[in-house]
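S.K.: Just need the structure, nothing else, for what follows:
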Amino acid sequence: MEEQKMEEQKMEDQKDLLKEYKLRIRKLERENRRLETEGEILKSLNEQVSRTQQFFHKENQRQICYNNQLLKTSPYILVMVNEKLETVMASDVFFQITEVSRDAVKEGMKLSEAFSGFLNEDELQSFLERCEKVLDSQGTDSYLLTTGVDDKERFYQVDICYYLAQNEDAKGLSIIFSDMTEIMEAKEKAENADKAKSNFLANMSHEIRTPMNAISGMAEFILRDSADEEARKNAAMIKSATKSLIAIINDILDFSKIESGKMEIINETYSLSSLVNDVATMIRIRLEDKKVSLKTDVDPELPDKLYGDEGRIKQILINLLNNAVKFTNQGEITFTMGFSKMSEDRIRLLISVADTGIGIKEEELGRIFDSFTQADTKRNRSIEGTGLGLAISRKLVSMMGGELRVSSEYGKGSVFSFDIVNEVKDWRPIGNLSESMKNARLDAYETMFYAPKAKILVVDDNKLNLKVAQGILKPYGIIPDCVESGAEALIAAQKCEYDLIFMDHMMPVMDGVETMQKLRKMEGGADMRIVALTANALSGVEAQYTEAGFDGFLAKPIEPKEMEAMLHKMLPEEYIQKAEADAENNPGDTPGDDQEIIEFIPEDDSDILEFPLEEDVGIKESSVNEDVILDRLGSTGLNVAAGLKYAMNQKAFFLEMVQDYVTEWNNKKKELDSSFAAEDWQTYKIVIHAMKSTSKMIGADGLSNGARELEIAAIDGNISYIAENHRQYMISCEKMVRELEGKLKDQM
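M.R.: Okay, here's the model as predicted:
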């Protein structure tokens with residue numbers, strides 16, 4: 001029984017064991033199937049990896065081919081360096097222009113060694129410093145390099161750029177040298193060609209203008225002297241034609257200056273009321289034969305004393321107003337001027353010129369500012385002009401930081417507007433300018449006080465300047481001592497205790513600043529009242545003279561009002577005697593501080609003969625002989641009205657000034673020619689500076705402007721400009737002086 005149980009138990013155990021084996025077998029079968037599946041996956045992955053490796057290998061070979069081809073065919077000098085500034089690769093051009101081997105570049109040579117044979121020491125040092133800065137800042141740099149390769153000057157655009165790989169295991173600089181030599185040479189040729197064209201236009205304009213002025217003058221003589229009505233009629237036609245030609249020539253000359261880059265904006269202190277008076281007077285004269293009125297709308301709160309380029313602003317306004325006159329046959333032209341305050345010393349002038357003329361078609365608006373272009377040529381065929389006026393005006397406005405705009409309705413009129421920024425020298429407003437223009441007169445300047453006890457010394461190396469100072473001081477009962485050098489001033493100051501010394505700045509040997517400093521060191525010198533005289537009335541100059549030790553500053557040519565204000569400020573109060581008591585002995589109204597005296601300075605020679613001389617505006621107590629002489633002087637191109645202003649509107653004194661100018665010319669001519677020949681530019685600067693102020697004093701505006709340009713060139717060291725323009729300036733001076741001399745002799 002027990003044996004049977006044991007047998008049964010044994011069989012049960014075997015069955016359990018069999019079941020266990022079967023379970024293991026099934027597990028092994030599942031594992032085997034899993035392994036087979038994974039094996040297939042691994043096989044597939046292996047095949048994919050193999051294909052990927054093959055792809056990357058091919059792509060790597062392709063990129064290597066591309067890089068090699070790029071380095072081989074690139075026209076640029078391309079060099080890549082690592083963060084240690086060691087070479088990584090370079091283009092073939094680099095190896096062609098240097099003696100560096102390809103193996104040396106691959107091994108990694110210092111950048112300083114790689115370029116040592118290509119750049120000189122200074123160029124290389126600057127280049128390496130730039131590379132270091134780019135590496136530190138991880139940025140870029142670009143500059144133009146001029147160097148010599150094979151003894152030939154070459155220009156390269158150098159671009160330095162930082163690079164960094166995504167995994168940051170590679171970083172450094174990529175450097176490209178682009179050869180710009182041909183481009184620079186082409187640019188230079190184009191600039192030379194443009195310069196030659198501009199010089200040709202300028203020279204031809206000057207050459208043609210001279211006989212045109214002569215023709216205009218001769219026509220004026222016929223109009224004045226001839227009794228033959230037919231001859232007078234023909235002369236009037238000649239004069240009108242020459243005026244048109246001169247206007248065209250002036251436009252071409254200005255345009256050529258702008259194109260050649262010689263047109264400059266020269267800022268100086270000016271009177272806004274005087275500018276508006278001048279422009280309005282000129283335009284009203286040109287409207288006399290038309291049924292068109294000129295209306296001025298000027299903000300009475302505008303400050304009168306501004307700092308800007310008065311001449312160019314006036315030129316822009318005259319161009320715009322002349323344009324309105326040409327295209328307006330009836331109705332009105334409105335000149336508007338306002339402002340907006342920008343800061344305590346700056347304003348934005350807001351200017352517009354509106355007309356009721358023929359207007360401009362919408363499709364023409366885009367090209368009216370183009371050079372040598374006139375809109376609607378079929379309709380405007382009879383209207384003369386070069387088509388340069390608006391182009392010149394737009395460029396001048398742009399040079400002053402503004403923009404010239406236009407709006408128009410065809411058949412109804414046009415509006416031109418612009419705004420420019422000027423500095424404010426004095427916030428006193430101009431007031432009701434329309435009324436002051438109606439009441440303004442060109443009477444002899446009447447002083448507000450006398451100071452006969454005042455002892456004044458005037459120091460100036462120019463005799464004409466001394467005479468002008470004497471003439472301006474004479475109405476105050478002052479007879480000044482006058483000396484022509486700093487050394488003479490020191491001697492005079494030792495002999496006399498002066499109440500006031502007027503000191504010219506630009507003098508040879510010892511200039512005004514040095515003389516003032518020596519005077520200060522004398523006994524009592526610290527208390528001397530010394531006022532600087534100079535033609536350099538630029539911004540900040542007054543402060544510079546004050547810092548140097550002067551007590552005041554007067555710009556030449558001396559304005560009578562400015563002189564009166566300076567005398568009143570500097571002289572002791574007990575010396576001032578009021579002039580009201582003598583008013584009955586001085587016929588005419590005494591001008592107040594708010595009354596403006598018209599200063600009419602024409603823009604070009606063609607306008608000079610249109611300005612009415614004294615007999616037309618009611619100047620009293622002048623002999624007929626003086627008026628005739630002034631009339632004849634005006635025919636030479638002299639701005640008589642402007643010159644009279646500096647002579648206190650005393651005709652006899654003005655004629656003395658002109659005579660002295662003529663007499664002094666030979667000395668100035670010798671000094672200018674000798675300093676020019678000796679290349680003594682310091683002396684040349686002093687003499688041409690004197691010519692600038694004395695020419696302006698007598699109304700020789702063209703000679704004054706020419707001297708100003710030569711003086712600026714001397715200051716800037718622009719010797720080439722002086723060399724190109726000195727001879728022509730001397731010829732112009734000689735011509736003017738001889739004409740003035742002839743007119744003065746005719747009446748003696």
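
S.K.: Could you pull up the mean pLDDT of the lengthiest helix in the chain?
M.R.: Of all the elements of type helix in the chain, the one with the most residues (DSSP state H) is helix 2-73. Helix 2-73 carries an average pLDDT of 79.

S.K.: What ranges does the stretch 101-250 of the chain have for its helices?
M.R.: Assigned by DSSP state H, counting those that start in this stretch, the helices in the stretch 101-250 of the chain fall at 102-107, 111-114, 121-137, 181-225, 229-259.

S.K.: For those helices, which has the smallest mean pLDDT value?
M.R.: Of all these, mean pLDDT reaches its minimum on helix 229-259 (a mean of 66).

S.K.: After that one, which helix or strand is next? Please name it.
M.R.: Counting by DSSP states H and E, the next helix or strand C-terminal to helix 229-259 is strand 268-271.

S.K.: tell me which strands and helices that following strand is in contact with?
M.R.: Strand 268-271 is packed against strand 303-308, with contacts defined by 3 or more Cβ pairs under 8 Å, 6 or more residues apart in numbering; DSSP states H and E. All C-beta atoms are positioned from the backbone trio N, CA, C, and that covers glycine.

S.K.: so where is the stretch 601-748 of the chain shaky, pLDDT-wise?
M.R.: Within the stretch 601-748 of the chain, the stretches with pLDDT under 70 are 601-625, 746-748.

S.K.: So for the lengthiest strand in the chain, what gets flagged as buried?
M.R.: Under DSSP state E, the strand in the chain containing the largest number of residues is strand 413-429. By 16 or more other Cβ atoms under 10 Å, the buried positions in strand 413-429 come out as 413-420, 422-425, 429.

S.K.: What is the distance between it and the centre of its chain?
M.R.: Chain-centre distance of strand 413-429: 18 Å, with Cα atoms, centre = their mean, to the nearest Å.

S.K.: can you give me the angle that strand makes with strand 303-308?
M.R.: 110 degrees (axes from the mean of the first three to the mean of the last three Cα atoms, to 10 degrees).

S.K.: So in that sheet, which strands flank strand 413-429, and in what orientation?
M.R.: Sheet pairing for strand 413-429, assigned by DSSP bridges, gives strand 303-308 (antiparallel), strand 346-355 (antiparallel), strand 405-409 (antiparallel).

S.K.: could those strands go into JSON lines alongside mean pLDDT and mean neighbour count?
M.R.: Listed next are the strands paired with strand 413-429 as JSON lines, based on pLDDT from 0 to 100; neighbours: other Cβ atoms under 10 Å:
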{"stretch": "strand 303-308", "mean pLDDT": "91", "mean neighbour count": "20"}
{"stretch": "strand 346-355", "mean pLDDT": "93", "mean neighbour count": "20"}
{"stretch": "strand 405-409", "mean pLDDT": "88", "mean neighbour count": "16"}
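
S.K.: List the contacts of residue 32.
M.R.: Not one residue lies near residue 32 by Cβ atoms under 8 Å, 6 or more residues apart in numbering.

S.K.: Please determine how far it is located from residue 25.
M.R.: 10 Å (Cβ to Cβ, to the nearest Å).

S.K.: Same question for residue 518.
M.R.: Computed with Cβ to Cβ, the distance linking residue 518 and residue 25 is 127 Å.

S.K.: who has more neighbours, these two?
M.R.: Between residue 518 and residue 25, counted using other Cβ atoms under 10 Å, the more crowded position is residue 518 (16 against 10).

S.K.: isn't the more buried one right up against residue 486?
M.R.: Yes: here residue 518 reaches residue 486: they are 7.5 Å apart, a contact under Cβ atoms under 8 Å.

S.K.: so what's the closest residue to residue 463 other than its chain neighbours up against?
M.R.: Nearest non-adjacent residue to residue 463, counting by Cβ to Cβ, 6 or more residues apart in numbering: residue 664, 6.0 Å away. By Cβ under 8 Å, 6+ apart, residue 664 lies in contact with 462-464, 694.

S.K.: now residue 451
M.R.: Residue 451 neighbours (Cβ under 8 Å, 6+ apart): 476-478, 567, 571, 575-577.

S.K.: Pick the one among those residues closest to residue 127.
M.R.: Closest approach between the contacts of residue 451 and residue 127, by Cβ to Cβ: residue 567, at 63.5 Å.

S.K.: how close does that closest one sit to residue 300?
M.R.: Counting by Cβ to Cβ - residue 567 and residue 300 are separated by 29 Å.

S.K.: Looking at these two, which has the bigger crowd around it?
M.R.: Between residue 567 and residue 300, counting by other Cβ under 10 Å, residue 567 is the more crowded of the two (24 against 11).

S.K.: How far off centre is the helix or strand containing the more buried one?
M.R.: Assessed by DSSP H and E, residue 567 sits inside helix 560-570. The chain centroid and the centroid of helix 560-570 are separated by 32 Å under Cα atoms, centre = their mean.

S.K.: got it, and stretch 22-37?
M.R.: The chain centre lies 96 Å from the centre of stretch 22-37; the measure is Cα atoms, centre = their mean.

S.K.: Using CSV, write down the CA coordinates of it.
M.R.: Extracted C-alpha coordinates of stretch 22-37, given in CSV (Å, rounded to 0.1, in the frame of the first residue of the first chain):
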residue,chain,number,x,y,z
LYS,A,22,7.2,22.8,-20.7
LEU,A,23,6.9,26.2,-19.1
ARG,A,24,10.6,26.8,-19.4
ILE,A,25,10.5,25.6,-23.0
ARG,A,26,7.7,28.1,-23.8
LYS,A,27,9.7,30.9,-22.1
LEU,A,28,12.8,29.9,-24.1
GLU,A,29,10.8,29.9,-27.3
ARG,A,30,9.4,33.4,-26.5
GLU,A,31,12.9,34.7,-25.6
ASN,A,32,14.2,33.1,-28.8
ARG,A,33,11.5,34.8,-30.8
ARG,A,34,12.3,38.1,-29.1
LEU,A,35,15.9,37.7,-29.8
GLU,A,36,15.2,37.0,-33.4
THR,A,37,13.1,40.1,-33.6
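
S.K.: Next, the contact list for the residue nearest the centre of the chain, please.
M.R.: Ranked by distance to the mean C-alpha position of the chain (Cα atoms, centre = their mean), the top residue is residue 265 at 3.3 Å. Residue 265 makes contacts with 309, 312, 396, 399-400, as judged by Cβ under 8 Å, 6+ apart.

S.K.: Over to residue 182?
M.R.: Here residue 182 is in contact with no residue (Cβ under 8 Å, 6+ apart).
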